[in-house]
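*Asks:* need the 3D shape of this:
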Amino acid sequence: LGSTRGTALLPVIEACANGALHAEIVAVVSNKRSAPILDKGHALGNTVTTKFVSSKDLSREQFDAECTSVLLGAGVELVLLVGYMRILSKPFTDFWAGKCLNVHPSLLPKHAGGMDLAVHQAVIDAKEDESGCTIHQVTEAVDGGPIVVQKRVTVEEGDTAESLKAKVQPLEGPAFIEAINILS
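*Replies:* Prediction:
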């Protein structure tokens, strides 16, 4: 599931293709019609279910049920949240318990609940000397599920939210691969 570019999905795609990861991507689903992550899904070919799911006139629970239906129909066994900009409902998190991973652009539990550049700015504002990304299991508590993998970078004097993001983001795909291997 993704709402943005899906940058962290590319290393996972490559790991599946070269055999470093014994998995296959069977679905790419977005809540944003123009999300570039859908282009990545289409590029994988017609054996991959690639779909925009509209949330218009749906409650959060109804929307999440629609996404679950698409994922199950495609044969999904593990859900990756790659730049997914929605809070998931309790029925979704309960259904996918232990089978849904999210990437967060900080070393959780620090800066839980924030998104994208705001998280990186919070790290800088707190004058922290390190940051990174966390892959965690998704639970009803936003960014509160069990941590599976953390990757770290040094925060240097002069870093901006953008420069810190540029250091953290390349770690997200490898962190997903490591987490998938741990859970497999």
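
*Asks:* shaky segments in this structure?
*Replies:* By pLDDT under 70, the chain has no low-scoring segment.

*Asks:* helices of that one, residue ranges please.
*Replies:* 9-18, 36-43, 60-74, 90-95, 116-125, 161-183 (DSSP state H).

*Asks:* what's in contact with the third one?
*Replies:* In this case it means helix 60-74. Residues outside helix 60-74 that contact it (Cβ atoms under 8 Å, 6 or more residues apart in numbering): 1, 26-27, 29, 31, 48-49, 51, 53, 55, 58, 79, 86-89, 91-92, 95-96. Heads up, the C-betas are built off the backbone N, CA and C, glycines and all.

*Asks:* now, of those, which are buried?
*Replies:* Buried residues within the contacts of helix 60-74, counting neighbours by 16 or more other Cβ atoms under 10 Å: 1, 27, 29, 31, 48-49, 51, 53, 79, 86, 88-89, 92, 95-96.

*Asks:* need the contact list for residue 85.
*Replies:* Contacts of residue 85 by Cβ under 8 Å, 6+ apart are 3-4, 31, 115.

*Asks:* distance to residue 105 added to the residues you listed, as JSON lines?
*Replies:* Listed next are the contacts of residue 85 as JSON lines, based on distance: Cβ to Cβ, whole Å:
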{"residue": "3", "distance to residue 105": "14"}
{"residue": "4", "distance to residue 105": "12"}
{"residue": "31", "distance to residue 105": "19"}
{"residue": "115", "distance to residue 105": "8"}
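
*Asks:* what's the burial count for the nearest residue to residue 22 once chain neighbours are set aside?
*Replies:* Excluding the flanking residues, the one nearest residue 22 by Cβ to Cβ, 6 or more residues apart in numbering is residue 184, at 6.9 Å. Residues contacting residue 184 under the criterion other Cβ atoms under 10 Å number 10.

*Asks:* what do you get for residue 46?
*Replies:* 7.

*Asks:* tell me how far it lies from residue 154.
*Replies:* Here the criterion is Cβ to Cβ, to the nearest Å. By it, residue 46 lies 43 Å from residue 154.

*Asks:* then residue 7?
*Replies:* 21 Å.

*Asks:* and residue 128, by the same measure?
*Replies:* Here residue 128 is placed at a distance of 10 Å from residue 154 (Cβ to Cβ).

*Asks:* between these two, which one's more packed in?
*Replies:* residue 128 (15 against 11).

*Asks:* so how far is residue 161 from the nearest residue to the more buried one once chain neighbours are set aside?
*Replies:* Spatially, and ignoring its direct neighbours in sequence, residue 128 is nearest to residue 155 (5.7 Å; Cβ to Cβ, 6+ apart). Distance of residue 155 to residue 161, given as Cβ to Cβ: 11 Å.

*Asks:* okay, the two: which has more neighbours?
*Replies:* Between residue 155 and residue 161, counted using other Cβ under 10 Å, residue 155 has the larger neighbour count: 21 against 17.
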